[in-house]
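Asker: Predicted model and sequence below, questions to follow.
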Amino acid sequence: MKHFRIILAATRITVAVLFAANVFFMVQLYNSIKARYIDDVEQSLCRAEQIEIVERISKSGFSDSADMVAVALFLKKSDVGDASTVDELAQAGYSQGYRRPDKQILSEITKYLHHTYDAGLGEPDIAELESAFRRDLNFSGYYPETVLVVGPDGAAEFTAGLWEIVYRVDDGLTYYAYISPLTGNILGEMSGVIASSALIALVLTFGFWYLLHVIERLRTIEEMKDDFTNNMTHELKTPIAIAYAANDALLQYPEPSDEERTRRYLTAAIDQLSKLSGLVENIL
């Protein structure tokens, strides 16, 4: 029983540790997906900002007759050189801004538009930027209830609980966007993992409970068996001892002339043997 209790305690601890580890990795997965979503939202804001500035350029008369805005694109050479490992990338001062070509293209286009046309455009149209931002989010499959964009000189109120997206056009221009958390999208993407993990947890919990239930039942049966054995052993020993004592008295101290004594002892022995026979029948 002692070994059983040790094994049971170790099993409980192992299950608890595995459950905690599963929760930890689930949180890690959630944060990883959230980081990817925030990156997507930042790209949506970048595209929306381009739409807004092109709109201002067109309204300011800087576009051509076909309402086209000219852009000269200058792409920077890869800043990673021959680096191929994480340590080599760190030593090369790996720029996150140029990690992906599509990001570099968007960034360079935006910088060119601002540096070339900013002087005659006036202030950004935040309402237009917010509208373009929301449309781009919807096109990407995101439907946040709240979408708010703040310009470089603006300030937002009641942003508690919202995701903050910081978008830097360059060192002198930064936009801040606030949207409702995309928790539903993240959980929807994790639904398969969550459902399978919950199902496994339920199966393990039920199996563990059933095992404990069976073990407890076996322990009860074991206790009943021990009680039965102890009680029956006592009941069997009593008539055996009396019959043994009566016959032993007749053998050790025979009195042929005392028929009454002999009959009394023999009767007692027969009665106890009859009782013993009845106990055996009850057991059977």
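Answerer: That came in fine, so what should we check first? Numbering: from 1, shown residues only.
Asker: any chance you could map the strands in this structure?
Answerer: For the chain, the strands defined by DSSP state E occupy 147-150, 163-170, 173-179.
Asker: Need the winner for burial among those strands.
Answerer: Of the strands of the chain, the one with the most neighbours on average (mean count of other CB atoms under 10 Å) is strand 147-150, at a mean of 22. Using the backbone N, CA and C atoms, a C-beta is placed for each residue, glycine as well.
Asker: Which strands border that strand, and is each parallel or antiparallel?
Answerer: If you go by DSSP bridges, strand 147-150 pairs up with strand 173-179 (antiparallel).
Asker: so where is the stretch 51-200 of the chain shaky, pLDDT-wise?
Answerer: Scanning the stretch 51-200 of the chain for pLDDT under 70 picks out 65, 75-84, 86, 89-101, 171.
Asker: sorry, back to before: among the strands of the chain, which comes closest to Ser140?
Answerer: Nearest to Ser140, of all the strands of the chain, is strand 173-179, at 11.8 Å by CB to CB.
Asker: Distance of Arg219 relative to Thr233?
Answerer: 21 Å (CB to CB, to the nearest Å).
Asker: swap in Ile186?
Answerer: According to CB to CB, Ile186 and Thr233 sit 67 Å apart.
Asker: mind putting the strands of the chain in CSV, distance to Phe228 included?
Answerer: Formatted as CSV, these follow (distance: least, CB to CB, whole Å):
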stretch, distance to Phe228
strand 147-150, 76
strand 163-170, 69
strand 173-179, 72
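Asker: wait, which of these is closest to Thr116?
Answerer: strand 163-170 (12.6 Å).
Asker: rewinding a little: more neighbours: Ile186 and Thr233, which one.
Answerer: Ile186 (18 against 10; other CB atoms under 10 Å).
Asker: From Met232, how far out is the closest residue to that one other than its chain neighbours?
Answerer: The spatially closest residue to Ile186, leaving aside those adjacent along the chain, is Ile33, at 5.0 Å (CB to CB, 6 or more residues apart in numbering). Distance, Ile33 to Met232, by CB to CB: 67 Å.
Asker: list the helices and strands the longest helix along the chain packs on?
Answerer: Counting by DSSP state H, the longest helix found in the chain is helix 191-252. Judged by 3 or more CB pairs under 8 Å, 6 or more residues apart in numbering; DSSP states H and E, helix 191-252 is in contact with helix 2-59, helix 259-283.
Asker: who touches the shortest one?
Answerer: In other words, helix 259-283. 232, 235-236, 238-240, 242-243, 246-247, 249-250, 255-256 (CB atoms under 8 Å, 6 or more residues apart in numbering).
Asker: Let's have these in CSV, adding distance to Leu73 and pLDDT.
Answerer: Output for these, formatted as CSV (distance: CB to CB, whole Å; pLDDT from 0 to 100):
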residue, distance to Leu73, pLDDT
Met232, 98, 79
Glu235, 103, 77
Leu236, 103, 77
Thr238, 108, 79
Pro239, 110, 78
Ile240, 109, 79
Ile242, 114, 79
Ala243, 115, 77
Ala246, 120, 75
Asn247, 119, 77
Ala249, 123, 74
Leu250, 125, 72
Glu255, 132, 71
Pro256, 135, 71
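Asker: Now that we have those, can you turn them into a markdown table and tack on distance to Ala72?
Answerer: Below are the contacts of helix 259-283 laid out as a markdown table (distance: CB to CB, whole Å):
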| residue | distance to Ala72 |
| --- | --- |
| Met232 | 103 |
| Glu235 | 108 |
| Leu236 | 109 |
| Thr238 | 113 |
| Pro239 | 116 |
| Ile240 | 114 |
| Ile242 | 119 |
| Ala243 | 120 |
| Ala246 | 125 |
| Asn247 | 125 |
| Ala249 | 128 |
| Leu250 | 130 |
| Glu255 | 138 |
| Pro256 | 141 |
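Asker: which of those residues sit farthest apart?
Answerer: Met232 and Pro256 (38.2 Å).
Asker: Between those two, which has more neighbouring residues?
Answerer: Met232 (14 against 6).
Asker: ok, for the more buried one, nearest residue in space, not its chain neighbours?
Answerer: Counting by CB to CB, 6+ apart, Met232 lies nearest to Ile283, which is 6.7 Å off, once chain neighbours are set aside.
Asker: now swap in Thr238 and tell me
Answerer: Nearest to Thr238 is Gln272, by CB to CB, 6+ apart, at 7.9 Å.
Asker: Distance of the one you found relative to Leu250?
Answerer: Counting by CB to CB - Gln272 and Leu250 are separated by 14 Å.
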